[in-house]
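K.L.:
Test case, fold it:
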Amino acid sequence: MKGFGTARTSFIVTISMALLMTSGAAVTQPMLTTFGDDVALLFCSQVRHNNANEFRNKLREYRLRIRDIYPRVRCNGETMIQFAQRNRSFDIGRFIAHSVLIDDLHELGDALWARQLPEQDSIRQAIEARLEQVSQ
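P.N.:
The predicted structure is shown next:
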C-alpha cells in the first residue's frame, strides 16, 4: 500500500480524530441535563432545610443568579417559594421572595398564591413587600 504514512494519510487521520472528538460532544449532552437536575435537587434540598447561607454559597459556586434559575426549578412540582412555605423554611423563602424578578412572581403564580396565606405569614409579607416596590 503506497502512500501509507504520507501527508495525505495524516490529514485523513486528523480529520477522523476531529470528527470523533466532535461526536463526543453530542454524547456529553445528557450529562449536562443530569448536571442541571442535580443542581436543581441541590437547591431544593437547601430550600427544604432552610439553609439560606449554603444556598447563597452554591449560587456563587455555580456562578448563578436566583433570578436565572427560579423560573426553571421546581421542587416537588412547586415553585421554590411555595416549597419553602410548605416546609416552614421561612428564612430562605423570604430571601427568594426578595431576590426573584417581580414578573416571575406574577407569571409563576406566586403573587396570587401568597394571598391565600395568613396575613402574618412572613413569606406572604415578603412577597407583598416586593410587589409594593412596583407600585411606588
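K.L.:
Can you tell me the centre-most residue of the protein?
P.N.:
The central residue of the chain, meaning the one whose C-alpha is nearest the mean C-alpha position (CA atoms, centre = their mean), is Ile69 at 3.2 Å.
K.L.:
So the nearest residue in space to it that is not next to it in sequence: helix, strand or coil?
P.N.:
Once its chain neighbours are removed from consideration, Ile69 has its nearest residue in Phe43; the separation is 6.8 Å (CB to CB, 6 or more residues apart in numbering). Heads up, the C-betas are built off the backbone N, CA and C, glycines and all. Counting by DSSP: H, G, I helix; E, B strand; the rest coil, the backbone at Phe43 sits in helix.
K.L.:
Distance of Phe43 relative to Ile127?
P.N.:
Phe43 is 19 Å from Ile127, where distance means CB to CB, to the nearest Å.
K.L.:
Ala40 now?
P.N.:
For Ala40, the distance to Ile127 under the criterion CB to CB works out to 22 Å.
K.L.:
quick one: the helices in the protein?
P.N.:
Under the criterion DSSP state H, the chain carries helices at the ranges 7-48, 52-61, 66-69, 80-86, 90-99, 102-107, 110-114, 122-135.
K.L.:
Next up, the contacts around the nearest residue to Pro118 once chain neighbours are set aside.
P.N.:
Closest residue in space to Pro118, ignoring its immediate chain neighbours: Arg124 at 7.1 Å, by CB to CB, 6+ apart. With contacts defined as CB atoms under 8 Å, 6 or more residues apart in numbering, the neighbours of Arg124 are Ala114, Arg115, Leu117, Pro118.
K.L.:
Same check on Gln82?
P.N.:
Remark: with contacts taken as CB under 8 Å, 6+ apart, Gln82 is in contact with Asp110, Trp113.
K.L.:
and it, what pLDDT?
P.N.:
We have a pLDDT of 96 for Gln82.
K.L.:
And it, how far from Val73?
P.N.:
Relative to Val73, Gln82 is positioned 12 Å away (CB to CB).
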